[in-house]
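*Asks:* Show me how the following folds:
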Amino acid sequence: MSGLTCPVCDCAAGRTFLRRERVPGTQNLLSRSQDAARAVASGTLAMTACDECGFVWNAEFDASRVRYDQDYENSQTNSPAFEAYLQKLVDYLVDEQGIRDHRIVEVGCGNGSFLRSLVTADDVTNRGVGYDPCYRGGTRDLEGRLVFRREFLNGEPLAQPCDVIVSRHVIEHIPQPVEFLAAIRGSLSQSSGARVFIETPSVAWILRSRTYWDFFHEHCSIFTDSSLSTACQRAGLVVSNVRHVFGGQYLWLEATPEEHVEVTRDPGEIPELAESFTTAERDWLRNWRGELEHAAKQGPVAVWGAGAKGVTLVNLLDPDATLVRCVVDMNPLKQNGFIPGSGHPIVAPEQLGSEQVRHILLMNPNYREEIKDLLDRLKVPATLINLTERTEHTDESASVSILVP
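*Replies:* Next up, the predicted model:
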């Protein structure tokens with residue numbers, strides 16, 4: 001399918017390179033019964049790349065298939081490795097960007113932990129307001145220095161001018177990202193000199209590393225550094241810096257609102273990467289389904305991580321929940337629940353021994369050492385298989401072995 005209009009640059013140069021039917025509409029939904037998990041609304045993936053600006057989007061995204069409410073849970077703060085990353089980000093904003101004695105607005109604040117860290121950092125007198133309809137908890141804290149609103153930012157000028165707007169891992173959920181950024185820009189119409197910080201996954205990293213489990217229905221808008229800049233420019237934001245963070249997996253963009261902004265477009269290598277991804281995914285799926293069947297005959301297999309990556313992986317490789325025994329997650333809110341779509345049970349790491357798990361599939365190399373240390377402490381003798389090391393060399397003529405750590 002070609003000739004689809006790009007939501008970022010408005011050109012008719014989109015080509016669909018990946019299609020999947022009946023994928024879970026919401027990957028991070030808490031389901032307390034297997035029946036409820038399997039009944040989660042499904043959607044279609046039609047991942048499409050723009051030949052003009054490099055933006056990638058789901059051309060068949062259906063917002064009615066997604067639930068963002070009190071049962072939505074995507075926090076990663078139970079991971080020490082991710083906590084360390086967040087702390088470095090807080091330190092960067094406070095120490096290098098000078099965010100002290102500032103009024104901060106976070107769009108899509110989740111559980112509020114990142115905003116709280118910015119407000120309570122050492123030697124700062126920051127104040128913060130978090131917007132998120134999925135927020136759970138009290139709405140005021142720290143004698144009013146921290147306020148949470150269970151709503152979207154509507155684009156109207158903020159009642160009180162702010163110095164900083166932060167939005168981490170929100171824009172990838174928005175089917176019209178320029179409108180979202182324009183709402184941020186509009187809210188700053190009375191906040192001259194404000195700075196905007198955006199964090200979102202890097203589609204170039206996904207395509208290059210061939211992490212086939214990193215495309216899912218919730219993430220309907222995936223960017224390169226160039227296409228994210230184009231979207232910001234079209235919304236009236238001048239981009240001062242874009243860099244790759246978190247081992248290259250995320251983009252971190254810094255911008256300021258301006259009246260007149262030049263708009264640039266550069267697809268980079270995205271069209272070529274997307275085209276090669278299609279064939280590689282088909283070969284990978286065939287090989288790994290066979291490898292998983294072989295491994296399951298030798299002993300129980302688990303997947304580490306019940307977030308969107310894990311949900312996507314088990315729905316791709318084991319949709320009937322016959323080969324993977326369980327999915328393990330460190331987030332207690334997810335434990336004892338079930339994976340949307342496939343219905344796999346979600347267990348705590350401490351349960352791996354009783355499940356007699358022999359192989360554990362790992363999708364994100366950033367957590368490898370943390371997980372290895374935890375398995376050693378728990379005395380779980382399972383083999384940890386890093387899937388990102390097994391993607392680029394898998395083709396029609398050569399099958400990897402899941403049994404090699």
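*Asks:* What is the least confident helix or strand in the protein?
*Replies:* Least confident helix or strand, the chain: strand 2-5 with a mean of 81, by mean pLDDT, DSSP states H and E.
*Asks:* counting contacts, what elements does the following helix or strand past that strand pack onto?
*Replies:* The helix or strand immediately downstream of strand 2-5 is strand 12-24, counting by DSSP states H and E. Secondary-structure packing of strand 12-24 (3 or more C-beta pairs under 8 Å, 6 or more residues apart in numbering; DSSP states H and E): strand 2-5, strand 42-50, helix 270-298, helix 308-317. In this view, the C-beta of every residue, glycine as well, is placed from N, C-alpha and C.
*Asks:* What is the third one packed up against?
*Replies:* When you say that, I think you mean helix 270-298. Packed next to helix 270-298, using 3+ C-beta pairs under 8 Å, 6+ apart, are strand 12-24, strand 42-50, helix 203-209, helix 308-317.
*Asks:* Just put these in CSV and tack on mean neighbour count.
*Replies:* Below are those laid out as CSV (neighbours: other C-beta atoms under 10 Å):
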stretch, mean neighbour count
strand 12-24, 18
strand 42-50, 23
helix 203-209, 22
helix 308-317, 24
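*Asks:* ok, the closest residue to Gln298 other than its chain neighbours - how many residues close by?
*Replies:* The shortest distance from Gln298 to any non-neighbouring residue, by C-beta to C-beta, 6 or more residues apart in numbering, is to Arg358 (6.4 Å). For Arg358, the count of nearby residues is 18 (other C-beta atoms under 10 Å).
*Asks:* ok, Arg358 to Ala296 distance?
*Replies:* Counting by C-beta to C-beta, to the nearest Å, the separation of Arg358 from Ala296 is 9 Å.
*Asks:* Check Tyr135 too.
*Replies:* Tyr135 is 40 Å from Ala296, where distance means C-beta to C-beta.
*Asks:* For Gln335, see how far away the residue nearest to Gln298 is.
*Replies:* In this structure, Arg358 and Gln335 are 21 Å apart, going by C-beta to C-beta.
*Asks:* Need the helices and strands packed on strand 12-24 in TSV (columns: distance to Asp35).
*Replies:* Compiled in TSV, the helices and strands packed on strand 12-24 are given as follows (distance: least, C-beta to C-beta, whole Å):
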stretch	distance to Asp35
strand 2-5	37
strand 42-50	15
helix 270-298	24
helix 308-317	16
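*Asks:* Please name whichever of those is nearest to Val196.
*Replies:* Val196 sits nearest to strand 42-50 of all the helices and strands packed on strand 12-24, at 22.9 Å, using C-beta to C-beta.
*Asks:* Give the other helices and strands that that closest one contacts.
*Replies:* Using 3+ C-beta pairs under 8 Å, 6+ apart: strand 42-50 touches strand 12-24, strand 56-58, helix 270-298.
*Asks:* which of those is buried the deepest?
*Replies:* Of all the helices and strands packed on strand 42-50, strand 56-58 carries the top mean neighbour count, a mean of 27, counting by mean count of other C-beta atoms under 10 Å.
*Asks:* From one end of stretch 323-334 to the other, what's the distance?
*Replies:* 21 Å (C-alpha to C-alpha, to the nearest Å).
*Asks:* do stretch 132-150 as well
*Replies:* 5 Å.
*Asks:* quick one: low-confidence parts of the stretch 101-250 of the chain?
*Replies:* Scanning the stretch 101-250 of the chain for pLDDT under 70 picks out nothing.
*Asks:* Which secondary structure elements does the least confident helix or strand of the chain sit against?
*Replies:* Under the contact criterion of 3+ C-beta pairs under 8 Å, 6+ apart, strand 2-5 touches strand 12-24.
*Asks:* Measure how far the strand it packs on is from the centre of its chain, please.
*Replies:* When distances are taken as C-alpha atoms, centre = their mean, to the nearest Å, strand 12-24 is centred 18 Å away from the chain's centroid.
*Asks:* Extract the C-alpha trace of that strand and format it as CSV.
*Replies:* C-alpha atoms of strand 12-24 as CSV (Å, rounded to 0.1, in the frame of the first residue of the first chain):
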residue,chain,number,x,y,z
ALA,A,12,1.4,11.5,0.0
ALA,A,13,4.6,9.4,0.2
GLY,A,14,3.7,6.8,2.8
ARG,A,15,4.4,3.1,2.1
THR,A,16,3.1,0.3,4.4
PHE,A,17,5.9,-2.1,5.2
LEU,A,18,4.5,-4.2,8.1
ARG,A,19,1.0,-5.5,8.6
ARG,A,20,-0.4,-7.5,11.5
GLU,A,21,-4.1,-8.4,12.2
ARG,A,22,-5.8,-8.8,15.6
VAL,A,23,-3.1,-7.4,17.8
PRO,A,24,-4.0,-6.3,21.4
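*Asks:* picking up where we left off before, redo the helices and strands packed on strand 42-50 as CSV? Include distance to Ala46 and mean pLDDT.
*Replies:* Written out in CSV, the entries for those read as follows (distance: least, C-beta to C-beta, whole Å; pLDDT from 0 to 100):
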stretch, distance to Ala46, mean pLDDT
strand 12-24, 5, 95
strand 56-58, 6, 98
helix 270-298, 12, 91
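*Asks:* which one of the ones you listed lies closest to Asp320?
*Replies:* Taking C-beta to C-beta, helix 270-298 is the member of the helices and strands packed on strand 42-50 nearest to Asp320, at 11.5 Å.
*Asks:* and that closest one, how far from the chain's centre?
*Replies:* With C-alpha atoms, centre = their mean as the basis, the distance from the averaged C-alpha position of helix 270-298 to the chain average is 21 Å.
*Asks:* helix or strand right after that helix?
*Replies:* Using DSSP H and E, the helix or strand that follows helix 270-298 towards the C-terminus is strand 301-304.
*Asks:* elements contacting that following strand?
*Replies:* Counting contacts by 3+ C-beta pairs under 8 Å, 6+ apart, strand 301-304 is packed against helix 308-317, strand 324-328, strand 359-362.
*Asks:* nearest to Glu60, of the ones you listed?
*Replies:* helix 308-317 (16.4 Å).
*Asks:* So what are the sheet partners of the least confident helix or strand of the chain and their directions?
*Replies:* strand 12-24 (antiparallel) (DSSP bridges).
*Asks:* That's all I had, so thanks and see you.
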